[in-house]
Structure formats: C-alpha cells, structure tokens
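> Provided below for reference: sequence and predicted model.
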2 protein chains.
Amino acid sequence: MLSNKDKNARLFLMKKALSLDKKTRNLKKTRNELLQVAFVEIFSHGFQGVSIDEIVKKTNLTKGAFYHHFPTKLDLGYALVDEVITPMILNRWILPLKSLENPITGILLQIKKLIGSANPQQLKLGCPLNNLVQEMSSVDAGFNLRLNKALNIWINETNKLLKKAKKNGFLKKEINTKQVATFVVMAHEGFYGLLKGTADLKIFDALYNSLLLYFKSIQEEIQ
Amino acid sequence: MLSNKDKNARLFLMKKALSLDKKTRNLKKTRNELLQVAFVEIFSHGFQGVSIDEIVKKTNLTKGAFYHHFPTKLDLGYALVDEVITPMILNRWILPLKSLENPITGILLQIKKLIGSANPQQLKLGCPLNNLVQEMSSVDAGFNLRLNKALNIWINETNKLLKKAKKNGFLKKEINTKQVATFVVMAHEGFYGLLKGTADLKIFDALYNSLLLYFKSIQEEIQ
C-alpha cells in the first residue's frame, strides 16, 4: 500500500501530466487554426499577397501566438507545405486508391470526383501546391526544397499504386510506371495552369478523356 | 514635261515620304528593341519583378522613348503577349507543322527539338506564356484577356493541324480534335509547371513517352 506521501506525489505527477497534455493539445489547436486560416488566405491571394496581420485578424488569436508558432512568414509557408498541403494531396489522390485492386481506374474516379465535380469558383483558384510552386519555387530556396519534396511524394506514391496495378496484371509489362506517375501529376498541374489562363471549365473534358485514352493504351488488354 | 515648280513639289513630297518611312522604321526598331529587352528581363524575373528603369537601362534608349511606345508598364506587358509571345508560339509550335501531311508526328518532333534539346538553364525559366498566365491572369483583367487569347490561338491552331491529320486519315474518326489540341497545350504547360518545382530534366521523358503512347492510341492504325 502507498503511503500518503507517495499518494500525494503520484497525484501531483498525474495532474502535471494532464496539464502538459492539455497544453500540448492547446498548442496543436492554435497551430492548426493558424494553418487552416493561412491556407484559405494564401490559396485565394498568393503567399506574397497576404500579410501576417491579415491572417491573425481572421483568427481569434494574438500576434504573439502566431510568432510563437511561426517566427517568420516563411516558417508559416514551409509549415503550410509540410503540414497541410502534402497531407491534403495524400488524402485526395493516394489514400482512397490504396485499397483498390486496380488503382488506375481509381485515378480517373478521383479526377472526376475532385476536379470534375468541384465548385467552379474554387477550381479557378488553382491547385494549392501548383500555385505555390509557380509563385515561390524560384523565389526562395526553402520553399523550393519543400515544394519539390511534396511533388516527389505525390509522384512516388502514385508510382507505388501503379507498380501494384502492374503487379496485379492491369498494366503492360513494358510500361515505365515512374514516367506514368510523373505524367499524371504533370497533367493535373497542366489542367490547373491552363484553367487559370482560360477560365474555361470545358478543358476538364480534354483532361479526363485524354487520360482515359492514355490509360487504355498502357493497360494490359483483358483476355 | 514638268515645270520646275512641279519638279520641286514632287521632290519635296518624295523626301517627305522617305523621311516618314524612315521615321516609321525607326519607331518600329525602337519598339522592337524595347520589347526584346523586356521579354528577356520579364522571362527571367517575372513581370512584377522588373521595373521600367531596369528595362530602359538595358537598351540604348531614353525613358522618353519607352513612354512614347508604352504609356504604362501594363501597356508593355500587353504588347509583349500580343507582339512577342503569340508570334513566338506560332513560330515554334504551329508554322513548322503546316507543311506536314501528318502534323501529329510533327508535334512530337517539335517537342523533342524545342524542349528535349533546349538549354537546361533556359528551360528552367519556364514557358514565357505559362509564366505570365500564372503570375498575371488573376491579377489584371487586361492581361487575363490577352493571355486567354494567346492560349486559345495556340489551342485552335493546333486543332486546325489535327483536323487536317484527321482529314488525311491519320487520326481515328471518333476523336475530338479540339480536346486533343487542348490536352497537348495542357501537357506542355504541365511540363513547364512541374519542372519549376522539381528542376528535374528527366521529367521530359515522361512528357515525351506519354504523349507518344497517347498519340498512338488516337491514330488510325495503318493497314
């Protein structure tokens, strides 16, 4: 049996652990709120088109809280790529396909769902990743590093899906899956890039139908 | 026979015509010099990253000469799209294919020549048109109008080439040539966009080999 002294010591440690836990949770919540607000603002106006003040103003937080998490605006931008945009790409384009036997059909399904059925106004804002690539890659080396990493995660994870499709006999043996994965990402970014210039949603049909024909040409013919 | 008075009058008019002609030539030359210098600077640093002073400094001209041709920096940007970039696209991607019986093979040849064999440093600067689309389309309505027009000229002229290929029996009858033309431009811009983020020239193989497979899938099989 524990002595009263031991009991008190244990109680003290438990309270401390709980309070630390709460502090960590609050810190995470604050960081998350800042990143979510920053994501929306930067998606709409560009990284260079938004100030820290404007972001803080759209939250219930103080500027001090902002600087606690992000000593500079660049730190916010880097965190946005690592903690918001990269997970978003995985959640949209990779994870829903992991359970499919033939992920190639899944790529087209996701394109139809996430682009073909998207809100036109949001679509015209572009792809959050592509926007930052075009705006910041040649401006800042730290951004360049993280954006390059995010693009390569997208390509490499798509490649893994295609390798599985190949292994399952859905893809012709001579097909270079890394090149297909790269082309799929390229087509996405080309779509968003062209949409910025033309604002013509009909170009979605060109993306979808062309990828459909392209995929047919690399798939193993079903006997 | 002409009287002396008539001769003098004719001489006067001829001199005046020659001088006007020279003046027009000089104006054209000046405008051309300004546009060429502006093209290089804006291609390297973005439209918003270059000042009128920096452009004028790289020419042998005065700031007065600049403002004579371009009352504002935006006027320069608009002229750049209409008078330099659009003709450049036609010269690179359309005119060399006009004489070909099957322009589809020509598209791949031009891609190999103009992208695959291009100077890597220049390639990494992107596509002059795509750069301006990403930077200025959502910033300025006048730019948006002209960039949209330039993209549509590229798409529509490619469409004309593809229609010819179809008429000549090289393209399957059910293929929507406008969609193919749109996808070709999309793939170009996707390539340049992705290259900005990855700086990896190997992605050219993904572009070339994927378009090759795609084209094969839409071409009429040769009997």
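Received the coordinates, thanks.
> Secondary structure element holding the one residue in chain A that gets nearest to chain B?
Sorted by distance to chain B under Cβ to the nearest Cβ, the residues of chain A start with residue A:190, at 2.4 Å. C-beta coordinates here come from the backbone N, C-alpha and C atoms, glycine included. If you go by DSSP states H and E, residue A:190 is part of helix A:177-198.
> Next, residue A:139: phi, psi?
Here is the backbone geometry of residue A:139 (degrees, to the nearest 10): phi -100, psi -40.
> who are the neighbours in contact with it?
The contact partners of residue A:139, by Cβ atoms under 8 Å, 6 or more residues apart in numbering or on different chains, come to none.
> Next: residue A:50.
Shown in contact with residue A:50 (Cβ under 8 Å, 6+ apart): A:38, A:41, A:42.
> try 7 Å this time
A:41, A:42 (Cβ atoms under 7 Å, 6 or more residues apart in numbering or on different chains).
> Get me the contact residues on chain A for chain B.
When proximity is defined as Cβ under 7 Å from any Cβ of the partner chain, chain A approaches chain B at A:130, A:133-134, A:137-138, A:147-148, A:151-152, A:179-180, A:182-183, A:185-187, A:189-191, A:193-194, A:196-198, A:203, A:205-207, A:209-210, A:213-214, A:216-218.
> Narrow those residues to just the buried residues.
Neighbour counting with 16 or more other Cβ atoms under 10 Å in any protein chain shown marks A:130, A:133-134, A:137-138, A:147-148, A:151-152, A:179-180, A:182-183, A:185-187, A:189-191, A:193-194, A:196-198, A:203, A:206-207, A:209-210, A:213-214, A:217-218 as buried within the residues of chain A next to chain B.
> give me the low-pLDDT residue ranges for chain A?
Applying pLDDT under 70 to chain A flags the ranges A:1-2, A:222-223.
> mind listing the helices in it by residue range?
With DSSP state H, the ranges of helices along chain A come out as A:4-45, A:52-57, A:63-69, A:73-79, A:86-89, A:103-111, A:120-123, A:128-136, A:141-167, A:177-198, A:203-218.
> out of these, deepest packed?
helix A:177-198 (a mean of 26; mean count of other Cβ atoms under 10 Å in any protein chain shown).
> Run the chain-centre distance for that one.
Put simply, helix A:177-198 sits 15 Å off its chain's centre (Cα atoms, centre = their mean, to the nearest Å).
> Please save the CA atoms from stretch A:51-64 in CSV.
What follows is stretch A:51-64, C-alpha atoms only, in CSV (Å, rounded to 0.1, in the frame of the first residue of the first chain):
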residue,chain,number,x,y,z
SER,A,51,0.3,39.6,-44.6
ILE,A,52,0.7,38.1,-41.2
ASP,A,53,-1.7,40.8,-39.8
GLU,A,54,-4.4,39.7,-42.3
ILE,A,55,-4.1,36.1,-41.2
VAL,A,56,-4.1,36.8,-37.5
LYS,A,57,-7.1,39.1,-37.9
LYS,A,58,-9.1,36.2,-39.3
THR,A,59,-8.4,34.1,-36.2
ASN,A,60,-9.3,34.6,-32.5
LEU,A,61,-5.6,34.6,-31.7
THR,A,62,-3.0,37.2,-30.9
LYS,A,63,0.0,38.1,-33.0
GLY,A,64,2.1,36.7,-30.1
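> what separates residue A:90 from residue A:149, distance-wise?
Distance, residue A:90 to residue A:149, by Cβ to Cβ, to the nearest Å: 13 Å.
> Contacts only, for the closest residue to the residue of chain A closest to chain B other than its chain neighbours.
Closest residue to residue A:190 apart from its sequence neighbours, by Cβ to Cβ, 6 or more residues apart in numbering or on different chains: residue B:190 at 2.4 Å. Residue B:190 is in contact with A:186, A:187, A:189, A:190, A:193, counting by Cβ under 7 Å, 6+ apart.
> which residues sit in contact with the third one?
Counting by Cβ under 7 Å, 6+ apart, residue A:189 makes contact with A:127, A:130, B:190, B:193, B:194.
> what do you get for the first one?
For residue A:186, the contacting residues are B:187, B:190, B:191, B:194, B:203, B:206, B:207, by Cβ under 7 Å, 6+ apart.
> from the residues you listed, which is closest to residue A:98?
Distance to residue A:98 across the contacts of residue A:186 (Cβ to Cβ) is lowest for residue B:206, with 22.8 Å.
> just to revisit the earlier point, quick one: the contacts of residue B:190 as a markdown table, columns for distance to residue A:174 too.
Output for those, formatted as a markdown table (distance: Cβ to Cβ, whole Å):
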| residue | distance to residue A:174 |
| --- | --- |
| A:186 | 20 |
| A:187 | 21 |
| A:189 | 26 |
| A:190 | 25 |
| A:193 | 30 |
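> who touches residue A:220 in this structure?
By Cβ under 7 Å, 6+ apart, the contact list for residue A:220 reads A:169, A:170, A:171, A:172.
> Skipping adjacent residues, who's closest to it in space?
Nearest one to residue A:220, counting by Cβ to Cβ, 6+ apart, is residue A:172 at 5.4 Å.
> That neighbour touches residue A:216, doesn't it?
No. Taking Cβ atoms under 7 Å as the definition, residue A:172 is not a contact partner of residue A:216, at 10.9 Å.
> Narrow the contacts of residue A:220 to just the buried residues.
Members of the contacts of residue A:220 classed as buried by 16+ other Cβ under 10 Å are A:170, A:171.
> Please report how far residue A:12 lies from residue A:19.
Going from residue A:12 to residue A:19 by Cβ to Cβ gives 11 Å.
> cool, residue A:63 as well?
25 Å.
> Same check on residue A:117?
Applying Cβ to Cβ, the value for residue A:117 to residue A:19 is 46 Å.
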